[in-house]
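J.: have a look; sequence and predicted model below, questions after that.
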Amino acid sequence: MNANETKRDDVDETGARLRQTLADTFGFRSFRPYQEEIVRAILRGEDVFAVMPTGGGKSLCYQLPAVCAEGMCVVVSPLISLMKDQVDAAITNGINAATINSTTTGSEFREIAEHIDHGRLELLYVSPERFNNARFKETLQNANVSFFAIDEAHCISQWGHNFRSDYLELGQIVDEFPNCPVAAFTATATEQVGEDIVSSLKLRNPFRVKASFDRPNLFYQIEYKDDFERQLLDFLKECPGESGIVYRSTRKSVEQTAETLVKHGYKAEAYHAGMSDADRIAVQDRFARDETPIIVATIAFGMGIDKSNVRFVVHGDLPKDVESYYQETGRAGRDGAPSRCLLLFGYQDVAIHRSFLKDYEDETARAAAEQRLNEMVRFVETDGCRRVNLLRYFGETYKPRSLDGSVDEENADGCGSCDYCVGACKRVDATIDAQKALSAMARTGNRFGATHLTDILVGALTEKVERFGHNELPTFGVGKDKSKRYWRYLIQALLTQGIAELDPNSEFPVPKVTSLGWEVMRGSRTVEIVERPDRATKKARAKAVRNASNLKDSLNLKDRKLFETLRTLRAQIAKAENVPPYVVFNDKSLVEMAILKPRTDKELLDCSGVGVRKLQNYGEDFIDAIERFLEEN
Ligand code: ADP
Ligand code: MG
């Protein structure tokens, strides 16, 4: 045997061992992209810096080596709720895990410290402020620490969106524990934040990974807001019984929207920074436990949740930049199952964001924020596949992938999973119509609102039109071949594209022609808008739902019934064990069970997410439920 072969054998042996642990402990059949490489680097004793998208499976990258390696892995994580859920999830997988944070009492601490002293703990989650505590450090110094994992590592960077000064102290780890590798994880893709993390943590020539930011299971849909409530309610009808988040930009709109949903029979609650800590924690908890499936929230909501079965994220207003849009939509579909992201925006949103820009004291920061806002507007207005445009923002060239992450060469044109790619909208030239609308504005002295302008365009002889003699204008009735709705929509598009703007001096929203608008009138600039023929939209929506939105839709009627039975069982178990349902099994596991109908331990182990410990704890219950179902049906 030559040296090369020996080496290959070694590699395969490690690989086999890792895959065994992956199956036994976590119940997964294969690694997600880069997980195996990261695990191997940690086990080789190297530092790691990994940028992976939300839902990419970062926890497994340190939990799996925590199980394989001698000693204990210490995870620093910023939020108590996150730590709690992760520890619960690890324990249901049979991992010896605990957490120490500001809520840990003295006696709890002593108990955990004793486990550490006896070398019984495999995984310890700590908050950064606890980590900086002298007594705790002493405990760690005397323990056998295999490696450190820094989760949400962007919290160390002042450039990141979530700076935490406690994180800065983590730079001391490499000096105080020189023999322990340090692995840092984040979903923040910017270069600057990345470099900050590596230098602040003093990572030693780390193994670097930057995974694709594509989230193949998310369906992207962007629409103009013309009747927010109706659009939202229509959308929710397509996601019956599912759990999701509706983002709104102000506390008031959060409360109003939550009220509307409740009035229409949805179980929804509001969440915003104006509520007390206790109320917010309670709402978040009920969401995690599927007791309140829908949360209407400001962007204050979401950081602290790992809930894997969020099936939709709706933006009721335009996000302030593409990064925010990406992170917020990213909270959908962590379990890898199909999920939907709907953005509804209007020109008022752009105007509101612009007005906030004035509040910046620092000119460079203001200019940067303005540029990010402009890029956001460009993103929603740009022709073509949403996914291609989104990934381009992160400097990535889109490669179509199938749901398991493998590259899908056949489908190479678009992503097939956004409103553009399913043909729900297309770009059309609207220069002539734009000229008509702009001329209505200009000829009436840029003093009238969109409703009146629309009346002029379609030739509606209203009292107001007559009073101002606007029926005498050459523009009167030039647009009667199209509906009022179309003209209002067109005016909105002109406003978002900066071809018209709202008069800042007017008390009422009054669109007026801008310099870009004059170019359009003179014929030196063309205008395109997104066209949504109503029938096509409906058909495409239905198709989109079938293809992309709803996990249960991929099931036939009988399987769907079994899925619901299993979901009820899951809820009962979760309640009895006082953990969120997705910690027992995630949606994907239940769907596989509903399709495969396992009746033996071995068959159940073949379902995604079923490992040895979960089989022991829940196997009998689930197999019983499946057998009973099959007898009855
Ligand atoms: P991140 O922290 O990167 O956002 P998580 O670690 O929370 O992502 O993982 C997201 C979801 O993906 C979890 O439900 C997890 O159980 C699941 N997951 C992770 N790795 C795998 C895998 N190899 N196969 C299947 N599911 C996985
Ligand atoms: Mg995570």
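T.: Received the coordinates, thanks. Numbers count the residues shown, from 1 in each chain. Ligands and ions are numbered 1, 2, ... in the order given.

J.: got the residues of the stretch 501-633 of the chain near ligand 1?
T.: 586, 608 (CB under 6 Å from any ligand atom). The way it works is simple: take the backbone N, C-alpha and C, and place the C-beta from them, glycine included.

J.: poorly predicted segments of the stretch 501-633 of the chain, please.
T.: The model of the stretch 501-633 of the chain has pLDDT under 70 over residues 532-554.

J.: and the residue in it positioned nearest to ligand 1, how many neighbours?
T.: In the stretch 501-633 of the chain, no residue comes nearer to ligand 1 than residue 586, which is 5.1 Å away by CB to the nearest ligand atom. As a burial measure, residue 586 scores 21 neighbours (other CB atoms under 10 Å).

J.: tell me which helix or strand of the protein sits lowest on mean pLDDT?
T.: Ranked by mean pLDDT, DSSP states H and E, the weakest helix or strand in the chain is helix 534-544, scoring a mean of 52.

J.: anything in stretch 84-101 near ligand 1?
T.: No: counting by CB under 6 Å from any ligand atom, ligand 1 has no neighbours in stretch 84-101; the shortest distance is 7.4 Å.

J.: ok, back up a step: which SSE is immediately downstream of the least confident helix or strand of the chain?
T.: Where DSSP states H and E defines the elements, the next helix or strand beyond helix 534-544 is helix 557-577.

J.: export the very next helix or strand once past that following helix as PDB, just CAs?
T.: Downstream of helix 557-577, the first helix or strand assigned by DSSP H and E is helix 581-584. Output of helix 581-584 as PDB, limited to C-alpha atoms (Å, rounded to 0.1, in the frame of the first residue of the first chain):
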ATOM      1  CA  PRO A 581     -42.700  21.700  18.700                       C
ATOM      2  CA  TYR A 582     -39.900  22.000  16.200                       C
ATOM      3  CA  VAL A 583     -37.500  20.800  18.800                       C
ATOM      4  CA  VAL A 584     -39.300  17.500  18.900                       C
END
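
J.: and the gap between the residue in the stretch 301-450 of the chain that ligand 1 sits nearest to and residue 65?
T.: Proximity to ligand 1, evaluated over the stretch 301-450 of the chain using CB to the nearest ligand atom, is greatest for residue 308 at 3.8 Å. Using CB to CB, to the nearest Å, residue 308 is found at 21 Å from residue 65.

J.: so for those two, which sits in the more crowded spot?
T.: Counting neighbours by other CB under 10 Å for residue 308 and for residue 65 shows that residue 65 has the greater number, 24 against 21.

J.: assign that one to helix, strand or coil.
T.: helix (DSSP: H, G, I helix; E, B strand; the rest coil).

J.: does it touch residue 71 like I think?
T.: No: judged on CB atoms under 8 Å, residue 65 makes no contact with residue 71 at a distance of 10.6 Å.

J.: residues shared between the contacts of these two?
T.: residue 146 (CB atoms under 8 Å, 6 or more residues apart in numbering).

J.: still on that earlier bit, okay, and the residue nearest to the residue of the stretch 501-633 of the chain closest to ligand 1 when sequence neighbours are not counted sits in which element?
T.: Leaving aside its sequence neighbours, residue 586 sits nearest to residue 335 (CB to CB, 6 or more residues apart in numbering; 4.4 Å). For residue 335, there is no enclosing helix or strand under DSSP H and E.

J.: contacts only, for residue 335.
T.: Residue 335 neighbours (CB under 8 Å, 6+ apart): 55, 308, 309, 582, 586, 587, 588.

J.: top of these by neighbour count?
T.: Result: residue 582 is most packed of the contacts of residue 335 (other CB under 10 Å), 27 neighbours.

J.: OK, contacts around the closest residue to residue 429 other than its chain neighbours?
T.: In space, residue 429 comes closest to residue 528 once its chain neighbours are excluded; the distance is 5.8 Å by CB to CB, 6+ apart. Applying CB under 8 Å, 6+ apart, we find residue 528 in contact with 383, 427, 428, 429, 430.

J.: go on, residue 101?
T.: Contact analysis of residue 101 by CB under 8 Å, 6+ apart lists 80, 83, 125, 126, 127, 130.
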